[in-house]
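Chemist: Take this sequence and fold it.
(chains A, B, C and D)
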Protein chains: 2
Amino acid sequence: MNTDLDNVIAAISDPTRRAIIGRLARGPARISDIAAPFPMSLTGVCKHVRVLERAGLVRRTREGRENTLELSAEPLREVARWILQYEGFWNTRLDRLEQFFTSKQEK
Amino acid sequence: MNTDLDNVIAAISDPTRRAIIGRLARGPARISDIAAPFPMSLTGVCKHVRVLERAGLVRRTREGRENTLELSAEPLREVARWILQYEGFWNTRLDRLEQFFTSKQEK
DNA sequence: CCAATACTGAACCAATAGGTTCAGTATTCA
DNA sequence: TGAATACTGAACCTATTGGTTCAGTATTGG
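Modeler: Sure, this is the predicted structure:
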């Protein structure tokens, strides 16, 4: 089974898709606009956009032949939450030790 | 080309590997110990561990026939940094609007 | 109306991911 | 020493990923 978290993390594991997110953070854009800077066919970019869409990271509004994309960063929040639970492990050696004993007590 | 960030994010996109990280957060463990709860062959778990290792998320210490694994969460920091730059986008509607105009000004 | 624009779907491809089994190598315990 | 333990490598399999091309459908501007 594939959870939402899996899909979101998989979506942001690709550098092209992270770049698309970065672009959309500066404001909404059409697929063609987004595709322009990439050394890749429009179809290729289209596919990446669909992956982001399925992960809930992008909202699409069709008007006529144009598809305007908008960043929808909410799903990243869950990912941040998952990662930040390990925050104590990437500071000092001491923090790591402390975290270890804290979790031992909790158990 | 595959960046470190790509490898780390790809590593944590798999639920089995996230579970392994969760297990190691409670303290070091041998591969067999880690493998036990998973409905999967030891070889399968071994492969997952190697992925985590290549991403720098796990350190291994061999003593005799036993491989003791230890969490090395530092690489997650970069991922957190990447995600948190979009923090303003997952709060209120207002925040999103604000962020949008702020970035417009910067440009 | 015609041509250009903005996509989209289908078919294809090579590489990678995630799993398996089986056989092998060290290492340790009794 | 001999059996059990703790892995590891190789070969294999299927499904998915990330890309392509080509052909098609709407939509729009001149």
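Chemist: need the residues of chain A near DNA strand C, please.
Modeler: A:30-33, A:42-43, A:46, A:49, A:65-67 (CB under 7 Å from any atom of the strand). Bear in mind the C-beta positions are built from the backbone N, C-alpha and C, glycine included.
Chemist: so what's A:Tyr86 up against?
Modeler: B:21, B:25, B:71, B:73, B:76 (CB atoms under 8 Å, 6 or more residues apart in numbering or on different chains).
Chemist: export the residues of chain A next to DNA strand C to CSV and tack on neighbour count?
Modeler: Putting those into CSV (neighbours: other CB atoms under 10 Å in any protein chain shown) gives the following:
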residue, neighbour count
A:Arg30, 14
A:Ile31, 18
A:Ser32, 12
A:Asp33, 13
A:Leu42, 13
A:Thr43, 8
A:Cys46, 15
A:Val49, 21
A:Arg65, 6
A:Glu66, 11
A:Asn67, 16
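Chemist: show me the contacts for the residue nearest in space to the middle of chain A.
Modeler: Nearest to the geometric centre of chain A sits A:Ile12, at 4.0 Å (CA atoms, centre = their mean). With contact taken as CB under 8 Å, 6+ apart, A:Ile12 is in contact with A:18, A:21, A:55, A:57, A:76, A:79, B:9, B:82-83.
Chemist: ok, A:Asn2 to DNA strand C distance?
Modeler: Remark: distance between A:Asn2 and DNA strand C (CB to the nearest atom of the strand, to the nearest Å) = 11 Å.
Chemist: That residue: how many residues sit nearby?
Modeler: Residues near A:Asn2, counting by other CB atoms under 10 Å in any protein chain shown, number 8.
Chemist: any idea which element A:Arg17 lies in?
Modeler: Here A:Arg17, judged by DSSP states H and E, is contained in helix A:15-25.
Chemist: Around chain B, which positions in chain A sit nearby?
Modeler: A:3, A:5-6, A:9-10, A:12-15, A:18, A:21, A:25-27, A:71-74, A:76-77, A:79-80, A:82-87, A:89-90, A:99-100, A:103-104, A:107 (CB under 8 Å from any CB of the partner chain).
Chemist: Separate out the buried members of these.
Modeler: Neighbour counting with 16 or more other CB atoms under 10 Å in any protein chain shown marks A:5-6, A:9-10, A:12-14, A:18, A:21, A:25, A:71-73, A:76-77, A:79-80, A:82-83, A:86, A:89-90, A:99-100 as buried within these.
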